[in-house]
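Participant: Show me how the following folds:
(4 chains)
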There are 2 protein chains.
Amino acid sequence: MLSKKTKYGLQALTFLAREYGRGPLLISDLAEREGIPKKFLEAILLQLKNAGILQSRKGKGGGYSLGRRPEEITVGQAVRILEGPLAPVPCVSETAYQRCTECEDERSCGIRLVMKDVRDAIARILDNTSLQEMLNRSEEARREFGPLDYHI
Amino acid sequence: MLSKKTKYGLQALTFLAREYGRGPLLISDLAEREGIPKKFLEAILLQLKNAGILQSRKGKGGGYSLGRRPEEITVGQAVRILEGPLAPVPCVSETAYQRCTECEDERSCGIRLVMKDVRDAIARILDNTSLQEMLNRSEEARREFGPLDYHI
DNA sequence: AAATAGTCTATAGATTTAATAGACTAAAAC
DNA sequence: GTTTTAGTCTATTAAATCTATAGACTATTT
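Facilitator: The predicted model follows:
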C-alpha cells in the first residue's frame, strides 16, 4: 500500500501537470485544493524538488512548478522518490539491490523468481506512464462516462 | 516492500511444500532451519492456519503441514493473509475496497486508473503462481545454473 | 525596508512492525 | 490417569516508520 505521502505527492504532481505552463502554484493553494496538510505538503514538494522533478521560486509570484514537461516525468520516478524502491523484496530491486542474507542460492530462490516478475510488471507500468499519459487517461475516462452531475 | 512477517511466511510455506506428504513439521525445526525467531514464526503459522491454508496437530508426532496440496495454494493467498490487500491504493482493491474520500470522480481519477493496472498485474502473477509452481521454477533454475559449489 | 513565499531543523504523537514471555490446552505415550 | 509433547492464546515491549506541526531562516520581489 502506498503511504499518504506518496498519494499526496502524486495528487500534487497531477495538479501541477494539469496547470503546466501557467506559472508557479503556491503550496497553500495546492494544499487547500487537494485537502493536504500544508506543512506535510511542503516537505513532500521539497523532496520532489531536491530529486529534480519540481522547481520552485521564492518571493512574490513564486511557488512550485514541474521541472520538466509532463511527458517527461513518470509515475515511477515519483513513487521511487517518495515511497522507495518498486521491488517487493530488496534482492530484486534494480535501484536498491541488497543481497538476501539467509538465501543460500539467490539464483534459484523461488520466492525471488516470483517477486522479480512482480517487480518487472510494476516497473513496466509505472516507468512507462508519464504524468501527461495519466492526464490523458483521466480525460478519456471523463469523456466515456460523461460529465459528473453534482446533485448534493 | 513486503514485511519480514510475509517473507518468513513464504519461506515457511515453501519449506512445507517441499516436504509435503511426509507428515507434520515442528515449529522449532522450521524456525531453526529458516533462521526465523521461533515465537514470531508461531504467530505467522497460526495466522496461516486460521486462514485455512495450513493445518496442525498438537502433542507428540504433531506439527504443521499444508492444508491443501501445494498446487492448490497460491502465493497471492499467502500474501493477502500476511500482508493485506495486493492493491497499492484501497480504491482499486478487489478484496478490501474503500472509496477515496477526497476523490470527486473515482471513475476518471488518473492515479486510480494507473494503480488499477498495477494491482491487476500483481494479482495476475501472484494469484496464478502456486507453491508447487514456485518450487518448479526453483528446480528449473537450479538445473540451469548447475549445483552450488560450496567453498567455505 | 516590507511583504511574500519557499527552506530548514526539530519535535511529537500515532501507528505498525518485530520480537519475547509465560500461562494454557489438546493429544499422545506410558 | 499422569507425564510429555507441541501447538494456542494473551500480554507486553522495543524499535521503526508514518503523519503532522511549530517556528526560525533565507531568498526574492515590490
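Participant: Check the gap between the residue positioned nearest the centre of chain A and chain B for me.
Facilitator: Nearest to the mean C-alpha position of chain A, by CA atoms, centre = their mean, lies residue A:78 at 3.3 Å. Per CB to the nearest CB, to the nearest Å, residue A:78 is found 10 Å from chain B. For the C-beta atoms, the positions are set from N, CA and C on the backbone; glycine is no exception.
Participant: Also residue A:29?
Facilitator: 16 Å.
Participant: Residue A:29: how many residues sit nearby?
Facilitator: 14 (other CB atoms under 10 Å in any protein chain shown).
Participant: for the longest helix along chain A, which positions count as buried?
Facilitator: In chain A, with assignment by DSSP state H, the single longest helix is helix A:110-126. By 16 or more other CB atoms under 10 Å in any protein chain shown, the buried positions in helix A:110-126 come out as A:110-123, A:125-126.
Participant: Looking at those residues, spot the one nearest residue A:63.
Facilitator: Nearest to residue A:63 among the buried residues of helix A:110-126: residue A:126, at 26.9 Å, using CB to CB.
Participant: Looks like the closest one contacts residue A:85 (just checking).
Facilitator: No. With contact defined as CB atoms under 8 Å, residue A:126 does not count as touching residue A:85 (11.5 Å).
Participant: Spit out the contact partners of residue A:46.
Facilitator: Neighbour list for residue A:46: empty [criterion: CB atoms under 8 Å, 6 or more residues apart in numbering or on different chains].
Participant: and it, what pLDDT?
Facilitator: Each residue has a pLDDT score; the one for residue A:46 is 98.
Participant: can you confirm it is in a helix?
Facilitator: Yes. Assessed with DSSP: H, G, I helix; E, B strand; the rest coil, residue A:46 lies in a helix.
Participant: Report the buried residues of stretch A:59-68.
Facilitator: A:63, A:64, A:65, A:66, A:67.
Participant: so what secondary structure elements neighbour the helix or strand in which the residue nearest to the centre of chain A is found?
Facilitator: In the assignment (DSSP states H and E), residue A:78 maps to helix A:75-83. Counting by 3 or more CB pairs under 8 Å, 6 or more residues apart in numbering or on different chains; DSSP states H and E, the packing neighbours recorded for helix A:75-83 are helix A:4-18, helix A:38-50, helix A:110-126.
Participant: Might one say that residue A:86 is in contact with residue A:122?
Facilitator: Yes. Here residue A:86 reaches residue A:122: they are 4.9 Å apart, a contact under CB under 8 Å.
Participant: Where does the prediction get shaky in chain A?
Facilitator: Applying pLDDT under 70 to chain A picks out residues A:146-152.
Participant: How is it divided into domains?
Facilitator: Domain assignment for chain A by automatic domain parsing gives A:4-66, A:75-127.
Participant: if we can go back for a sec, show me which pair in the buried residues of helix A:110-126 is furthest apart.
Facilitator: Spanning the widest gap among those are A:110 and A:126, at 25.0 Å by CB to CB.
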